[in-house]
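**Student:** coords please:
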Amino acid sequence: MGSERQHILVLRFSALGDVAALSSVLTAKAADNPDVDFTVLTNPMLAPLFDGVPNIRVMAVNKRQSTWRTFLDLRRLRPTQVADEHGVIRTFIIRTLFFLCGTPVHYIRKHRLSRRRLARRRGKRLEPLRPMWRLYDDVLVKCGLKGTLSCEPLITPEPCLESGLRIGIAPFARYEGKTWPIESMEELVRRLSACEHCSVYLFGGPGDRALFEGWAAKYSGVVNVAGTGCFTDELELIRSLTLMVSMDSANMHFASRLGVPVVSVWGSTHPYMGFYGWRQRPEWAVQCDMDCRPCSVYGKKPCWKGTYECMRSITADMVMDRIRTIAGQCGINPDRLR
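**Tutor:** I've put the predicted structure just below:
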């Protein structure tokens, strides 16, 4: 990278969905600022999210390496600015060391909602917090980058009438409060399988393969893609979908990065907490209005009732209604999905 060019070091180590959301913002900014080079220190598995952008390169974060050693390696890159998009102890130390060496640094200011403040929000009219992708953009704006990030809602694609609807389903999330009951998800798969001109692709990890192969054997038009290829192949398949059905999980952000509409299912968390997919339409989210929601920002906390009623109250009919809405916007007769 030439010394005459700006070079911004971007720190965002994890998690999968957060890096995916950052990739949507950073690739747009990189396109608007072709005279600026970017190095992203992150999980190397997620490098394909930044493919096709010539002024972005990905550097693998080594969690076994000491923070001091990591800083010395990064200092050799001679960045002109540092953008901390993570805001954890390790990135705080790295950015502070750069600051002491005279390199300008900018960092994210994340939402800080305590349990008490979250409780006060429940049962009242929720006002949306600033979206996470907007917080990422705030840091890049401080770096002096030009360009306005688009927040226009996605326009549904026009699928080939011969292939019909191609629907991806990602049924799992990290926490129980963010995961729809498996019996409800299987019912959705069964109903979509019975629909004419509808193909279903099941996304997940290697541990989900046995369950998904069982569904694929039981229902026609259902394909298991969990653990069958590399991440690049998975992204290409997502790009070809008409829509994705997902929890509040990384797959929602992968699809958002690729411009694919998402029917997202929400339980203990809420789209207004700032983690809704970039440019996803609010009406595509599926959730139940309950006085106890949201009970968690990230979904980590167990249900204080012990019932996870927020997820169990969501029916296959509710999700099918959202799918029909998107199908109608794609020019496909929603009656085909009965």
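**Student:** element containing the residue nearest to residue 171 when sequence neighbours are not counted?
**Tutor:** Excluding the flanking residues, the one nearest residue 171 by CB to CB, 6 or more residues apart in numbering is residue 185, at 4.3 Å. Every residue, glycine included, has its C-beta placed from N, CA and C. When elements are assigned from DSSP states H and E, residue 185 belongs to helix 182-193.
**Student:** What are the buried residues along that helix?
**Tutor:** Within helix 182-193, the residues scored as buried using 16 or more other CB atoms under 10 Å are 184, 185, 186, 187, 188, 189, 191, 192, 193.
**Student:** Mind putting those residues into CSV with distance to residue 175 and pLDDT?
**Tutor:** Listed next are these as CSV, based on distance: CB to CB, whole Å; pLDDT from 0 to 100:
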residue, distance to residue 175, pLDDT
184, 17, 96
185, 16, 97
186, 20, 97
187, 22, 97
188, 20, 97
189, 22, 97
191, 26, 95
192, 25, 95
193, 28, 94
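**Student:** between these, which is closest to residue 291?
**Tutor:** residue 184 (22.2 Å; CB to CB).
**Student:** Would you check that that closest one makes contact with residue 317?
**Tutor:** No. Residue 184 is beyond contact range of residue 317, at 10.3 Å (criterion: CB atoms under 8 Å).
**Student:** what about the stretch 151-300 of the chain, any weak spots by pLDDT?
**Tutor:** The model of the stretch 151-300 of the chain has pLDDT under 70 over residues 156-163.
**Student:** Of all the residues in stretch 280-299, which ones are buried?
**Tutor:** Buried-residue list, stretch 280-299, by 16+ other CB under 10 Å: 280-281, 284-287, 293-299.
**Student:** Helices - which of the residues you listed land there?
**Tutor:** Cross-referencing the buried residues of stretch 280-299 against helices under DSSP state H gives no overlap.
**Student:** Check these and tell me the two furthest apart.
**Tutor:** 281 and 295, at 24.9 Å, using CB to CB across these.
**Student:** how far does stretch 179-192 sit from the chain's center?
**Tutor:** In this view, stretch 179-192 has its centroid 21 Å away from the chain centroid, taken as CA atoms, centre = their mean, to the nearest Å.
**Student:** which other residues reach that stretch?
**Tutor:** Residues outside stretch 179-192 that contact it (CB atoms under 8 Å, 6 or more residues apart in numbering) are 167, 169, 171-173, 198, 200, 202, 211, 215, 219, 221-222, 245, 247, 265, 267, 311-312, 314-316, 319-320, 323, 337.
**Student:** does the residue nearest in space to the middle of the chain belong to a helix or a strand, and which?
**Tutor:** Centroid-nearest residue in the chain: residue 253, 2.0 Å away (criterion: CA atoms, centre = their mean). Per DSSP H and E, residue 253 falls inside helix 250-257.
**Student:** now do residue 138
**Tutor:** Applying DSSP H and E as the criterion places residue 138 in helix 132-142.
**Student:** Could you spell out the sheet neighbours of the helix or strand just after that helix, each with its direction?
**Tutor:** Next helix or strand after helix 132-142 toward the C-terminus (DSSP H and E): strand 165-170. Sheet pairing of strand 165-170 (DSSP bridges) gives strand 198-202 (parallel), strand 243-247 (parallel).
**Student:** To residue 69, which of those lies closest?
**Tutor:** strand 243-247 (37.0 Å).
**Student:** Okay, angle between the closest one and helix 250-257 too, please.
**Tutor:** 150 degrees (axes from the mean of the first three to the mean of the last three CA atoms, to 10 degrees).
**Student:** follow-up on the earlier one: who are the packing partners of the helix holding residue 138?
**Tutor:** When contacts are defined as 3 or more CB pairs under 8 Å, 6 or more residues apart in numbering; DSSP states H and E, helix 132-142 packs onto helix 16-32, strand 81-84, strand 105-107.
**Student:** Could you name the stretch from those that's closest to residue 332?
**Tutor:** helix 16-32 (26.7 Å).
**Student:** Which PyMOL command selects the buried ones in the contacts of stretch 179-192?
**Tutor:** Burial among the contacts of stretch 179-192 is assessed by 16+ other CB under 10 Å; the matching PyMOL selection reads:
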select buried, resi 167+169+171+172+173+198+200+202+211+215+219+221+222+245+247+265+267+311+314+316+319+320+323+337
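**Student:** and residue 63, what pLDDT?
**Tutor:** Residue 63 is assigned a predicted lDDT (pLDDT) of 87.
**Student:** Let me see the ranges of the strands in the stretch 201-338 of the chain.
**Tutor:** Secondary structure of the stretch 201-338 of the chain (DSSP state E, counting those that start in this stretch): strands at 222-224, 243-247, 262-265.
**Student:** got CSV for those strands, with distance to residue 5 too?
**Tutor:** CSV is the format used below for the strands of the stretch 201-338 of the chain (distance: least, CB to CB, whole Å):
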stretch, distance to residue 5
strand 222-224, 45
strand 243-247, 37
strand 262-265, 36
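**Student:** And for residue 84, the neighbour number?
**Tutor:** A count of nearby residues for residue 84, using other CB atoms under 10 Å, gives 22.
**Student:** beta partners for it?
**Tutor:** Counting by DSSP bridges, the residues bridging with residue 84 are residue 11, residue 107.
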